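**Q** I need the structure of the sequence given here:
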Amino acid sequence: MRTDATEVLESAIPILAKDRAASMQVIATRSGISRATLVRLFPTRQHLVQAMAQKILDDCDRALTRAEADTIPAERALAALVADYPPFAQLWNLVYVEPDVLGVPEASARAETIFTRTVEFVERGQGAGLLRKDMPATWLASTFCGLAETAWELTLEGHMGTRQAPDFITAILLDGATAKHRPER
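**A** Below you'll find the model as predicted:
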């Protein structure tokens with residue numbers, strides 16, 4: 001039985017992502033723990049959601065820090081960021097839409113800071129010629145988060161393997177969804 005807060009959060013994040021109205025009982029049952037254990041770790045649903053947001057934000061921060069290293073080529077930096085895509089999916093999926101998180105100014109501010117860092121990362125890729133310069137960096141950063149969310153959900157639902165997801169994200173981000181290259185407009 002899971003009794004470690006981090007393990008419980010790992011189980012609870014996808015549960016709440018798929019069922020935003022999930023009660024503490026439902027989250028506990030689907031996580032394989034008793035409601036009493038869940039409440040001991042997180043006394044209220046708001047505490048749980050805020051802890052989830054903190055974990056997601058911390059994970060995004062770590063992934064960006066690893067990928068922002070100026071000493072590695074842009075291609076390797078992008079590969080590192082895409083390999084760590086789940087927290088960005090979770091950020092997009094939970095942090096921006098969960099009312100209990102949006103009511104916490106610190107979490108909202110951190111989410112905005114992480115998104116700003118993601119935009120700056122994209123700008124670095126644009127400067128290196130890896131990412132398109134004709135698209136706003138904010139658009140490409142949002143696209144990355146949206147692709148990450150889609151890949152994460154498809155992985156959770158069993159429609160995509162976990163090892164496939166980073167390749168799919170990278171392919172769409174770098175090459176788009178067209179079957180062949182279209183001429184410039």
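**Q** So which helix or strand of this structure has the lowest pLDDT on average?
**A** Least confident helix or strand of the chain, by mean pLDDT, DSSP states H and E, is helix 99-102 with a mean of 55.
**Q** So what touches stretch 132-143?
**A** Stretch 132-143 is contacted from outside by Phe115, Thr118, Val119, Glu120, Phe121, Val122, Glu123, Gly125, Gln126, Leu131, Leu173, using CB atoms under 8 Å, 6 or more residues apart in numbering. Yep, even glycine has a C-beta here, placed from its N, CA and C like the rest.
**Q** Now rank those by neighbours and give me the top one.
**A** Val122 (26 neighbours; other CB atoms under 10 Å).
**Q** Counting by contacts, list what the one helix or strand that residue maps to packs against.
**A** Following DSSP states H and E, the helix or strand that holds Val122 is helix 105-127. Packing partners of helix 105-127 (3 or more CB pairs under 8 Å, 6 or more residues apart in numbering; DSSP states H and E): helix 45-67, helix 74-83, helix 99-102, helix 137-156.
**Q** One more pass at 7 Å, please.
**A** With contacts taken as 3 or more CB pairs under 7 Å, 6 or more residues apart in numbering; DSSP states H and E, helix 105-127 sits against helix 45-67, helix 74-83, helix 137-156.
**Q** what about the second one, distance to the chain center?
**A** Going back to what we said before, that points to helix 74-83. Relative to its parent chain, helix 74-83 has a centroid offset of 15 Å by CA atoms, centre = their mean, to the nearest Å.
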